[in-house]
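Engineer: Predicted model, plus sequence, below.
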2 protein chains.
Amino acid sequence: MTETNISSNPEALRIGVALYPGFEALDAFGPLNCLNDLSRTESITLSVLASTLDPVSTKTPAYPAGIGQSIVPTHTFANAPALDVLLVPGGQGSRGSSPVVLETIAFIRDSYPSLKYLITVCTGAGLAARAGVLDGRRATTNKKAWKDIIVLGPEVKWVARARWVTDGNIWTSSGVSAGIDVTLAWIEELFGKDKAKVIADGNEYTRHEDPDFDPFAELYGLA
Amino acid sequence: MTETNISSNPEALRIGVALYPGFEALDAFGPLNCLNDLSRTESITLSVLASTLDPVSTKTPAYPAGIGQSIVPTHTFANAPALDVLLVPGGQGSRGSSPVVLETIAFIRDSYPSLKYLITVCTGAGLAARAGVLDGRRATTNKKAWKDIIVLGPEVKWVARARWVTDGNIWTSSGVSAGIDVTLAWIEELFGKDKAKVIADGNEYTRHEDPDFDPFAELYGLA
């Protein structure tokens, strides 16, 4: 990339995504696609983080005959580089207390104090809640899984009707595709409305720009 | 998965996705997330196909400082299993005539005659056009890249204003996120409206159910 493609950012924004087996593909790749596009004009690094360097599958034991795809990590949680932003997708694999789930939670807990931003998608908020970093904060999560997730964070101020919620440096989104909207809103906050629009338009994506847009809260009986 | 999770399909639907370096992440993972969800109740196999078994990155030489993610193939094009459905994402990497692009085009050409369905997303239609399988058919593609793609298929009946287009067993979608809508429409066709709705709702995705929905044709001066 030539310098003309790099914005006037003083330094690269260091983003990490925390993966674990059974993460939901679109939870990660909706936001990552926006960030991939952003990196064509802004200076960004990405670390794909996981428990080990083995490829991480979207498959979970919950659906053993289901199909999945495997993503290659760039770093383990143990050797993660310094990060400015951590993205945490949700998925069936975020449930339970397997060693890899507990390791993911510990990584969120340990890395949060030095982050500029934490972004969770869907039931990724359950992992952040279990890490304790949402205590006292307003946050949202997947609406279908609502009741299973909110019990994981009794000190969290859960917001049922929201496409996404911001509280301080924590941005939490509702289920799956809402990750695209929270990421575009975050890009708008940091890089401006035009940048977010160019990315959304390039993806032929009709954004939900209202953080309170949420027909799914009603659909799942939470309104 | 227990048998109660398998539908009454007589046999598993064999789906393949053709990847190449510089495919657009959401072009593949929007549809694949829907198919992952579908596989929780329907009998489906997935082959992740590429030129070699090396992980395939979303990065392209067009943006050398950009970020990307790498996906692990399950089969090479040369040893691909028999397929019922082939999904072809678009992306910057579909441009030009590198050996891997030509190999992807040859795979589409060679596999099409035995497919039940071909689904392309975004500039994936350009690869299908170059394979000759869109000749005489109605098809659409990414609206921002429109002029670059339609010249690749002078015998194709290109439809400028469309979220997606079906002609026979070929389903082509407009850019990036339109892949989610074409996949949900295809799921509706094969598995019924309720199945498509459950998947869309589970992803908290507000579908575009009208194939003629297309504000982006106008945005990019094609209306």
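Structural biologist: On my side now, so go ahead.

Engineer: who's in contact with stretch A:129-142?
Structural biologist: Contact with stretch A:129-142 is made by A:90, A:105-106, A:108-109, A:112, A:118, A:120, A:122-126, A:128, A:149-150, A:152-153, A:155-160, A:162, A:164-165, A:167-168, A:170, A:172-176, B:204, as judged by C-beta atoms under 8 Å, 6 or more residues apart in numbering or on different chains. To be clear about C-beta, it is placed using only N, CA and C from the backbone, and glycine gets the same treatment.

Engineer: change it to 6 Å
Structural biologist: A:105, A:108-109, A:112, A:122-123, A:125, A:128, A:149, A:152-153, A:155-157, A:159, A:162, A:165, A:167, A:170, A:172, A:174-175 (C-beta atoms under 6 Å, 6 or more residues apart in numbering or on different chains).

Engineer: and these, which are buried?
Structural biologist: Among the contacts of stretch A:129-142, those buried by neighbour count (16 or more other C-beta atoms under 10 Å in any protein chain shown) are A:105, A:108, A:112, A:122-123, A:125, A:128, A:149, A:152-153, A:156, A:159, A:162, A:165, A:170, A:172, A:174-175.

Engineer: Let's see which of those end up in helices.
Structural biologist: Using DSSP state H, A:Ile105, A:Ile108, A:Ala125, A:Ala128, A:Ile149 are the members of these that sit in helices.

Engineer: just to revisit the earlier point, if we check chain B, which of the contacts of stretch A:129-142 are in contact?
Structural biologist: Among the contacts of stretch A:129-142, the ones lying near chain B by C-beta under 6 Å from any C-beta of the partner chain are A:Ser174, A:Gly175.

Engineer: Tell me which of the contacts of stretch A:129-142 fall in strands.
Structural biologist: The members of the contacts of stretch A:129-142 that map onto strands under DSSP state E are A:Lys157, A:Val165, A:Asp167, A:Ile170, A:Thr172.

Engineer: got the contact list for the last one?
Structural biologist: Spelled out, it's A:Thr172. Residues near A:Thr172 by C-beta under 6 Å, 6+ apart: A:Thr120, A:Ala125, A:Ala139, A:Thr140, A:Val165.

Engineer: which one of those residues is nearest B:Pro211?
Structural biologist: A:Thr140 (32.0 Å; C-beta to C-beta).

Engineer: And the closest one, how close does it get to B:Pro73?
Structural biologist: Separation of A:Thr140 from B:Pro73 (C-beta to C-beta, to the nearest Å): 36 Å.

Engineer: So which residues on chain A come close to chain B?
Structural biologist: Within chain A, the positions near chain B by C-beta under 6 Å from any C-beta are A:1, A:25-26, A:29, A:32-33, A:36, A:39-40, A:44, A:46, A:55, A:63-67, A:69-72, A:174-178, A:203-205, A:216.

Engineer: quick one: average pLDDT of stretch A:87-106?
Structural biologist: Averaging pLDDT along stretch A:87-106 gives 97.

Engineer: Could you do stretch A:73-83 as well?
Structural biologist: Average pLDDT, stretch A:73-83: 98.

Engineer: That stretch: how far from the chain's middle?
Structural biologist: Here stretch A:73-83 shows a centroid-to-chain-centroid distance of 16 Å under the convention C-alpha atoms, centre = their mean, to the nearest Å.

Engineer: Could you pull out the buried residues of it?
Structural biologist: Residues A:Pro73, A:Thr74, A:Phe77, A:Ala80, A:Leu83 are the ones in stretch A:73-83 that count as buried (16+ other C-beta under 10 Å).

Engineer: so how far is B:Asp181 from the third one?
Structural biologist: Just to be clear, that refers to A:Phe77. Counting by C-beta to C-beta - A:Phe77 and B:Asp181 are separated by 36 Å.
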